[in-house]
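Novice: I would like to see how this sequence folds:
(one chain, ligands or ions: 1)
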Amino acid sequence: MADQAQERSAQGDVKISFDGAAERLGLSQGVRRLFVEPWRELRVALPVRMDDGSMEVFIGYRVQHNAARGPYKGGVRFHPRANQDEVRALAMLMTWKTALADVPFGGAKGGIMVDPHKLSASELNRLTRRYTSSIQHLIGPHRDIPAPDLGSNAQTMAWMMDEYGQANGYTPSVVTGKPIEVGGSLGREAATGRGAMYVLQAAANDLGIELRHCRIVLQGFGNVGSWFARIAHGEGARIVAVADHLGGVYNDRLLDIPALVDYAKEHGSVAGFPGGTPLPPEDLFTIESDILVPAAIENVINESNAGSIKTRLVLEAANQPVTPEADAIFKERGIPVLPDILVNAGGVVVSYFEWTQNLQQYSWGEDRVNDALKERMLRAYDAVASLVKNSDRTFREAAYEIGVERVARAAELRGFVV
Ligand code: NAD
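Specialist: Numbering: from 1, shown residues only. Below you'll find the model as predicted:
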């Protein structure tokens, strides 16, 4: 699985969806070219003193794809495969996502090629500070605002804010996804999982799927997966199988999600959870479900397994979990795929609320955050669903078309070409 992910071009995969949308929208060749080229890219070498006194050099990236609709915005990924191709793809994805969610940002992404599980907290702190000081001339509250992603978290953002502040003064609005105590927003940690649940509820309603009696299979139990699970479980949905990078667990009746959350917090994985039978992670997609939720990494659903997966609906909580080949197979099989740029936009929506709270030095209550999140997620879903209803487009095709069109319109209004 990992090899396959490595061989293919992540950017090429996003481009396939972009090209289709550009064609249907009749975009000029010039605008198409502008949109497939990242605006600015930085690659940095990051020398870090390890706890044993040795020195390691890590490689990091920041890619700024497009800022027609506002400052660049996108997470920083800590992952051994966070290479330039992947970071470019994710930056482009952010451009369409922020436009679809209608938040006033462009698209960017960062990455450090590292396995964060292998570093101590103090090593991660030093690495994060090195990375921040190396990209600090590109970021800022009105330039580019990083956030957490795969392998990074609220603590990472607190370190980034602190390092940026050393040189630029106290600036909480330079990053989002911070801990509440240092300017984070209530509701931000759960936002991506919660937003995914709002989209699922709306889609299930439209597709005649009764969530209360559904079987859900979930890959990934980190920020996105575990919050999605908590919220879905709280709404009465039945999560029957969960797997992460170390193991999986299956219970045909239902998994006790609050207990699984506590277990995973203590053990760093769902592997070995006593409330179900152990499940090798590679067998997860063989389990029959009504809703399949990939919430971990990219390319896990591909041409080798899409034909045999038994489900009624795929909810892409992760970025790029379904390859274009698998997308085509699902289309032929009549299985709807709700796309990443719609489903996981909740994180960037509440990042937007966090940024506005920081700029105003005024904090919102959690109900206000969740209500405003719901309103934006449903607005984005409704726009996509109505385009799907009135055409033979897939949800992904419709979502891309809406996102790309909004960015093209902003670029045109700003008169980018001089
Ligand atoms: P995380 O690091 O908190 O958790 C990742 C989870 O995926 C972990 O449970 C890990 O064990 C699992 N995983 C990793 N490799 C795996 C493998 N090979 N097989 C099975 N499981 C594996 O990351 P996250 O923040 O939850 O992000 C997950 C996905 O959601 C990523 O694609 C990310 O880009 C996307 N996303 C995250 C946010 C956010 O707000 N955190 C927002 C939008 C999109």
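Novice: and stretch 332-341, how far out from the chain's middle?
Specialist: Remark: stretch 332-341 is offset 17 Å from the chain centroid, using CA atoms, centre = their mean, to the nearest Å.
Novice: all numbers from here: first residue = 127
Specialist: Sure thing, new numbering starts at 127, so read that last one as stretch 458-467.
Novice: what distance separates the start and the end of it?
Specialist: End-to-end span of stretch 458-467 (CA to CA, to the nearest Å): 22 Å.
Novice: so how many other residues sit close to G491?
Specialist: 10 (other CB atoms under 10 Å). Just so you know, the C-beta spots here come from the backbone N, C-alpha and C atoms, and that holds for glycine as well.
Novice: one more: N251?
Specialist: There are 18 residues near N251, going by other CB under 10 Å.
Novice: which strands and helices sit next to whichever strand or helix holds it?
Specialist: Per DSSP states H and E, N251 falls inside helix 247-261. Here helix 247-261 touches strand 166-175, strand 181-192, strand 233-238, helix 280-294, going by 3 or more CB pairs under 8 Å, 6 or more residues apart in numbering; DSSP states H and E.
Novice: let's verify L312: helix, strand, or coil?
Specialist: What DSSP: H, G, I helix; E, B strand; the rest coil gives for L312 is coil.
Novice: just to revisit the earlier point, downstream of the helix holding N251, the next helix or strand is which one?
Specialist: strand 270-274.
Novice: name the helices or strands packed onto that following strand?
Specialist: Packing contacts for strand 270-274, counted by 3+ CB pairs under 8 Å, 6+ apart, involve strand 181-192, strand 198-204, strand 233-238, helix 280-294, helix 472-486.
Novice: gap between whichever residue of the stretch 327-476 of the chain sits closest to the ligand and D453?
Specialist: Nearest residue of the stretch 327-476 of the chain to the ligand, counting by CB to the nearest ligand atom: G348, 1.7 Å away. Look at G348 and D453: by CB to CB, to the nearest Å, they are 24 Å apart.
Novice: tell me which of the two has more neighbours.
Specialist: Higher neighbour count among G348 and D453: D453, with 24 against 17, using other CB under 10 Å.
Novice: that's a helix at that one, yeah?
Specialist: Yes: D453: assigned to a helix according to three-state DSSP.
Novice: ignoring the adjacent residues along the chain, who's closest to it?
Specialist: Closest residue in space to D453, ignoring its immediate chain neighbours: V463 at 6.1 Å, by CB to CB, 6 or more residues apart in numbering.
Novice: roughly how far does the one you found sit from K457?
Specialist: 8 Å.
Novice: same question, E523
Specialist: 9 Å.
Novice: one more: I265?
Specialist: Taken as CB to CB, the span from I265 to K457 is 39 Å.
Novice: cool, A524 as well?
Specialist: From A524 to K457 the distance is 13 Å (CB to CB).
Novice: again with L372
Specialist: For L372, the distance to K457 equals 33 Å [CB to CB].
Novice: equivalent analysis for G266, please.
Specialist: From G266 across to K457, the span is 42 Å (CB to CB).
Novice: can you pull the contacts of R364?
Specialist: H339, C340, R341, I342, R379, L380 (CB atoms under 8 Å, 6 or more residues apart in numbering).
Novice: that one bridge partners, please.
Specialist: R341 (DSSP bridges).
Novice: residue numbers of the chain in contact with the ligand?
Specialist: 274-277, 318, 345-351, 369-371, 407, 421-423, 443-445, 470, 473 (CB under 6 Å from any ligand atom).
Novice: of the residues you listed, just the buried ones, PyMOL syntax please.
Specialist: This is how PyMOL selects the buried members of the residues of the chain next to the ligand, with burial counted by 16 or more other CB atoms under 10 Å:
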select buried, resi 274+275+276+277+318+345+346+347+348+349+350+351+369+370+407+421+422+423+443+444+445+470+473
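Novice: helices - which of the residues of the chain next to the ligand land there?
Specialist: T318, N349, V350, G351, G473 (DSSP state H).
Novice: distance to R505 for those residues - can I get that in JSON lines?
Specialist: Output for these, formatted as JSON lines (distance: CB to CB, whole Å):
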{"residue": "T318", "distance to R505": "17"}
{"residue": "N349", "distance to R505": "24"}
{"residue": "V350", "distance to R505": "21"}
{"residue": "G351", "distance to R505": "25"}
{"residue": "G473", "distance to R505": "17"}
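Novice: can you tell me which of the residues you listed is nearest M176?
Specialist: N349 (26.4 Å; CB to CB).
Novice: how near is that closest one to Y296?
Specialist: 26 Å.
Novice: tell me which of the helices and strands packed on strand 270-274 is the most buried.
Specialist: Neighbour counts (mean count of other CB atoms under 10 Å) averaged over each of the helices and strands packed on strand 270-274 peak at strand 233-238, with a mean of 30.
Novice: what angle do that one and helix 472-486 make?
Specialist: 100 degrees (axes from the mean of the first three to the mean of the last three CA atoms, to 10 degrees).
Novice: mean confidence for strand 233-238?
Specialist: Average pLDDT, strand 233-238: 98.
Novice: elements contacting it?
Specialist: strand 181-192, strand 198-204, helix 210-226, helix 247-261, strand 270-274.
Novice: try it again at 7 Å.
Specialist: strand 181-192, strand 198-204, helix 210-226 (3 or more CB pairs under 7 Å, 6 or more residues apart in numbering; DSSP states H and E).
Novice: buried residues in stretch 441-457, which are they?
Specialist: Buried, per 16+ other CB under 10 Å, within stretch 441-457: 441-453, 455-456.
Novice: now what about it, what contacts it?
Specialist: Stretch 441-457 has contacts (CB atoms under 7 Å, 6 or more residues apart in numbering) with 136, 139, 142, 215-216, 219, 322, 326, 346, 350-351, 354, 417, 419-429, 432-433, 440, 463-466, 469-470, 520, 522.
Novice: try it again at 6 Å.
Specialist: 139, 142, 216, 322, 326, 350, 354, 417, 419-422, 424-429, 432-433, 463-466, 469-470, 520 (CB atoms under 6 Å, 6 or more residues apart in numbering).
Novice: in PyMOL, how would I select the buried members of the residues you listed?
Specialist: The following PyMOL command selects only the buried members of the contacts of stretch 441-457, with burial defined by 16+ other CB under 10 Å:
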select buried, resi 139+216+322+326+350+354+417+419+420+421+422+424+425+426+427+428+432+463+464+465+466+469+470+520
